[in-house]
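Asker: Quick one: sequence and predicted model below, then my questions.
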Amino acid sequence: MYRDLDSYLLLSSILLALDLQLLDCIENLAQELAMQKFKLDSLISLKNKGLLFQLMLWLTISCGGLLALPGSTLSILRLDQFVSSNAHFIGLGMIVGFAYLISGVLNLALDASIAHLTQKKVIQTVESKVLLLDPAERALLREFFLQGSTKLTLPQDEEAVKSLIKSSILECLGNERHYAIHGPTADYKISMHAREYLNRQVLRLPAGEPSQEEMQLLIRSRPHFVGGIVQPRKHAA
């Protein structure tokens, strides 16, 4: 009887593990499909914008050329009557096309300026925050170095995580999960802007091989949740 019970429990554990693996595969597949759909929509949008830009460029050049050509040339091309009878439409077409091209150039310049100012503000925020890291935030950032990982699973409701996200030191990569004990979690990485400012001195890591006393101090200062849900992901994209 006990042997049958043990076999049943073993079979139930195997089936439960298989179910969990299957759910993970389905979730990863759904995320991949959503990402591919987003890339396809972005590609279609860019293609449509490119076609519209080419159309407006062709319209501007064509209308401008018809209005700029001398009458003798138009007569040779047998376009003099067409231009004279439709001059106002040709002029309107040139104005519309030229206005679209100018607005496109201005939008590109404005986007570049906004991106530059945003990046500058992010860098200033990172620089200020690095100088004012509290012990919990510094311990959290040390985990990336201690585990040799570029991506970690962290609790979203942790104050240190929220603060580092707000200051652009951490970036959320998605893969959100919800646990009854730990609450919601997600994958995070150190942002590219912050990496050049985070060194051993800032994180208070030993310069060389840590001694036994230094290792014990690092272990005691690790975040309280590190043993529960932090998972190293060394092969992050």
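Answerer: Here it is on my side, so go on. Since this is a predicted model, take the numbers as computed values, not measurements. Numbering: from 1, shown residues only.
Asker: residues in contact with stretch 118-136?
Answerer: Stretch 118-136 is contacted from outside by 141, 159-160, 164, 167-169, 191, 193-194, 197-198, 202, 221, 223, using Cβ atoms under 8 Å, 6 or more residues apart in numbering. Where C-beta positions appear, they are placed from N, C-alpha and C, glycine not excepted.
Asker: Pull out the buried members of these.
Answerer: Buried members of these, scored by 16 or more other Cβ atoms under 10 Å, are 141, 160, 164, 167, 168, 169, 191, 193, 194, 198, 223.
Asker: mind listing the strands in this protein by residue range?
Answerer: 151-155, 170-179, 183-190, 232-233 (DSSP state E).
Asker: quick one: low-confidence ranges for the chain?
Answerer: Applying pLDDT under 70 to the chain flags residues 1-48, 180-182, 227-237.
Asker: most centrally placed residue in it?
Answerer: residue 173 (7.4 Å; Cα atoms, centre = their mean).
Asker: Which residues are in contact with the residue lying closest to that one once chain neighbours are set aside?
Answerer: Distance criterion Cβ to Cβ, 6 or more residues apart in numbering; nearest residue to residue 173, sequence neighbours excluded, is residue 187 at 4.2 Å. Counting by Cβ under 8 Å, 6+ apart, residue 187 touches 151, 152, 153, 154, 172, 173, 174, 175, 233.
Asker: Who wins on neighbours among those?
Answerer: residue 154 (26 neighbours; other Cβ atoms under 10 Å).
Asker: Quickly list the domain ranges of the protein.
Answerer: 1-122, 135-233 (automatic domain parsing).
Asker: Pick the most buried one from the ones you listed.
Answerer: domain 135-233 (a mean of 15; mean count of other Cβ atoms under 10 Å).
Asker: and that one, how far from the chain's centre?
Answerer: Put simply, domain 135-233 sits 19 Å off its chain's centre (Cα atoms, centre = their mean, to the nearest Å).
Asker: same deal with stretch 111-122?
Answerer: Counting by Cα atoms, centre = their mean, stretch 111-122 comes out at 16 Å from the chain centroid.
Asker: same check, this time on stretch 109-121
Answerer: On Cα atoms, centre = their mean, the centre of stretch 109-121 falls 17 Å from the chain's centre.
Asker: Use 33 as the first number from now on
Answerer: I'll keep to 33 as the first residue from here, and by that count the last item is stretch 141-153.
Asker: Grab the CA positions of it and hand them over as PDB.
Answerer: Output of stretch 141-153 as PDB, limited to C-alpha atoms (Å, rounded to 0.1, in the frame of the first residue of the first chain):
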ATOM      1  CA  ALA A 141      15.100  67.900 -36.100                       C
ATOM      2  CA  LEU A 142      12.700  68.200 -33.200                       C
ATOM      3  CA  ASP A 143      12.800  64.500 -32.500                       C
ATOM      4  CA  ALA A 144      16.600  64.600 -32.500                       C
ATOM      5  CA  SER A 145      16.600  67.600 -30.100                       C
ATOM      6  CA  ILE A 146      14.100  65.900 -27.800                       C
ATOM      7  CA  ALA A 147      16.200  62.700 -27.800                       C
ATOM      8  CA  HIS A 148      19.400  64.600 -27.000                       C
ATOM      9  CA  LEU A 149      17.800  66.500 -24.200                       C
ATOM     10  CA  THR A 150      16.200  63.400 -22.800                       C
ATOM     11  CA  GLN A 151      19.500  61.500 -22.900                       C
ATOM     12  CA  LYS A 152      21.200  64.400 -21.200                       C
ATOM     13  CA  LYS A 153      18.600  64.500 -18.500                       C
END
